[in-house]
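Peer 1: Pasting the sequence and the predicted coordinates here, then a few questions.
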Amino acid sequence: MISENPRVRFAPSPTGYLHVGGLRTALYNYLFAKHNNGAFILRIEDTDRNRFVEGAVENLISTLKWIGLDFDEGQGKGGDCGPYMQSERLDIYKKYADELVNKNRAYYCFCSAERLTALREEQQKNKQQGMYDKHCLHLSKEEVQENLAKGLPYVIRLNVEKGKQIVINDVIRGVVEFHSDIIDDQVLLKSDGYPTYHLANVIDDHMMKITHVIRGEEWLSSTPKHILLYEYFGWEKPVFAHLPLLLNPDKSKLSKRQGDVAVEDYKAKGYLKEALLNFVALLGWTAGDDQEFYYLDELVSKFDLNRVNKSGAVFNVEKLNWLNGEHLRKKSQVQLLELLKDHLLTTVYKDNSYSDEYLIEVIESMKERVLFIHEIAEKAPYFFETPSGYDEALLKKRWKPETPSQLNKLLERFEKLENSDKEGFEIALKQTVEEFNTGVGTLIHPVRLAVSGIGNGPGLYDILHIIGKDETITRIKTALNKISI
């Protein structure tokens, strides 16, 4: 059931970078909120101080802004339910942890690390599930007060009621049941005063009025603890939806061992944000038709949480590359021009001055042949510099003893050209091969080698027209001087 104005949140931990799995979680929350006229909230879950990375919060926010997922409330933007950084909410968690203790739904635990290790080893030896044995639950009030007065370190644990069936109605997975006998008395408040994920998550979702919790499948096993907390507090539970795992092509869980997993990595490699969002949206969701190309506004209009699959989604880089090429070709000349100019500033060509008209001609000749803007300079460097060498295999195949005399005759015609458009170059070349009574290929291939150094690319006459008559003549003369067979 969808409330009239749903509120959802993306709640990453600042551990260094935004994982593509995290991006999908953020995207699905965003799409669900916008499709249903709701609010998308960014909350930073930074209570695990051992994993906190300096600068990670700023990086997360800038990555979300780059990709186009603008949040309505959250860290750096504010809102009525802040603060949105968990480390700034410690007093709130302590207050509610104490409330649970007073209700006998949680209890102080003073067990030492040595006792807990011994307990765990004993359970492993007896092949039992590793769970806390509720030892401190049975301390008297006097013992608890005495320990607190002594300043003994403690944690606060959840008092899980045994013999209870916990039922989750998950939007994606349907009815999922857990038995409370297999649920540990989870630590809620650590000895350093910081809450664990479970306590902070439930309190924040309640206080921030979250109506739908849309998160990764890995959190499904934690959900019964969250259900108990909602019940112990007497709070209304949100709707849960657990997204499928992201998988490598071999169906293992997506990991850095098999490729890039950070959004920043894909940005650095030149992927367009539109393509990355489009691709990630399709990792577990379909609109029920054959459409694969989407812009963000189209995804908003079509997104339905009920159409998210429960089975794992394979991260297919080839499909991402294809989508990047499709989105690239949908961009306007002006957009492509800016992308190319920005890229050239990162290359050895950064100090060269190219007119916008020249670069647009290069783009138009190459955009059907590339998937990334950077491939234009990589695949066709001859548009930006004179070839420094020539493909040896093609030289042996295409550069014949008679080639120099034919090229010299062609040069005479090129030098006389008044109109150096594609048609002018083509007429001159055809006249030359007719004069030598040979095929067009006997000159097309050597000319391409002379002006580009390689044997593939746009049509030869496109290349000649773009680099111009003078440069064409210079390059052919250079090749005649350099190549000797």
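Peer 2: That came through fine.

Peer 1: before we move on, could you check phi and psi at the nearest residue to Lys190 once chain neighbours are set aside?
Peer 2: In this structure, Lys190 finds its nearest non-sequential neighbour in Val155, 5.7 Å apart by Cβ to Cβ, 6 or more residues apart in numbering. Quick note: C-beta positions are derived from backbone N, CA and C, even for glycine. Main-chain torsions, Val155, degrees, to the nearest 10: phi -120, psi 160.

Peer 1: Val155 bridge partners, please.
Peer 2: As for beta bridges, Val155 partners with Cys109 under DSSP bridges.

Peer 1: gap between it and Ile483?
Peer 2: 78 Å (Cβ to Cβ, to the nearest Å).

Peer 1: So between those two, which is more surrounded?
Peer 2: A direct count of neighbours by other Cβ atoms under 10 Å for Val155 and Ile483 places Val155 higher, at 21 against 16.

Peer 1: who's in contact with that one?
Peer 2: By Cβ atoms under 8 Å, 6 or more residues apart in numbering, the contact list for Val155 reads 108-109, 187-191.

Peer 1: Using JSON lines, please lay out these together with distance to Arg413 and neighbour count.
Peer 2: Below are the contacts of Val155 laid out as JSON lines (distance: Cβ to Cβ, whole Å; neighbours: other Cβ atoms under 10 Å):
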{"residue": "Tyr108", "distance to Arg413": "95", "neighbour count": "20"}
{"residue": "Cys109", "distance to Arg413": "92", "neighbour count": "21"}
{"residue": "Val187", "distance to Arg413": "85", "neighbour count": "18"}
{"residue": "Leu188", "distance to Arg413": "86", "neighbour count": "28"}
{"residue": "Leu189", "distance to Arg413": "87", "neighbour count": "26"}
{"residue": "Lys190", "distance to Arg413": "83", "neighbour count": "17"}
{"residue": "Ser191", "distance to Arg413": "87", "neighbour count": "13"}
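
Peer 1: Which of these fall in strands?
Peer 2: Applying DSSP state E to the contacts of Val155, the entries found in strands are 108-109, 187-189.

Peer 1: nearest to Ser140, of those residues?
Peer 2: Tyr108 (11.6 Å; Cβ to Cβ).

Peer 1: all helices for the stretch 251-400 of the chain, in order.
Peer 2: 263-268, 273-281, 296-302, 317-330, 333-344, 356-366, 374-379, 392-398 (DSSP state H, counting those that start in this stretch).

Peer 1: Isn't Ala56 up against Gly22?
Peer 2: No - the pair Ala56 / Gly22 is not scored as a contact, 11.7 Å apart, by Cβ atoms under 8 Å.

Peer 1: Ramachandran angles for Gln123?
Peer 2: The phi/psi pair for Gln123 (degrees, to the nearest 10) is phi -70, psi -40.

Peer 1: Spatially nearest residue to it (excluding sequence neighbours)?
Peer 2: Gly130 (5.2 Å).

Peer 1: Gly389 too?
Peer 2: Gly453 (6.0 Å).

Peer 1: on that earlier part again, most tightly packed of the helices of the stretch 251-400 of the chain?
Peer 2: helix 273-281 (a mean of 23; mean count of other Cβ atoms under 10 Å).

Peer 1: what does it rub up against?
Peer 2: In contact with helix 273-281 (Cβ under 8 Å, 6+ apart) are residues 20, 23-24, 27-28, 31, 66-68, 263, 266-267, 292-296, 299, 303, 319-320, 323-324, 326-328.

Peer 1: Report the inter-axis angle for it versus helix 317-330.
Peer 2: 140 degrees (axes from the mean of the first three to the mean of the last three Cα atoms, to 10 degrees).

Peer 1: And helix 273-281, how far out from the chain middle?
Peer 2: Relative to its parent chain, helix 273-281 has a centroid offset of 8 Å by Cα atoms, centre = their mean, to the nearest Å.

Peer 1: then it to CSV, C-alphas only?
Peer 2: This file holds the C-alpha atoms of helix 273-281, laid out as CSV (Å, rounded to 0.1, in the frame of the first residue of the first chain):
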residue,chain,number,x,y,z
LYS,A,273,25.7,9.8,-16.1
GLU,A,274,22.5,9.3,-18.2
ALA,A,275,23.8,5.9,-19.4
LEU,A,276,24.9,4.8,-15.9
LEU,A,277,21.5,5.7,-14.4
ASN,A,278,19.7,4.0,-17.3
PHE,A,279,21.8,0.8,-16.8
VAL,A,280,21.5,0.7,-13.1
ALA,A,281,17.7,1.1,-13.3
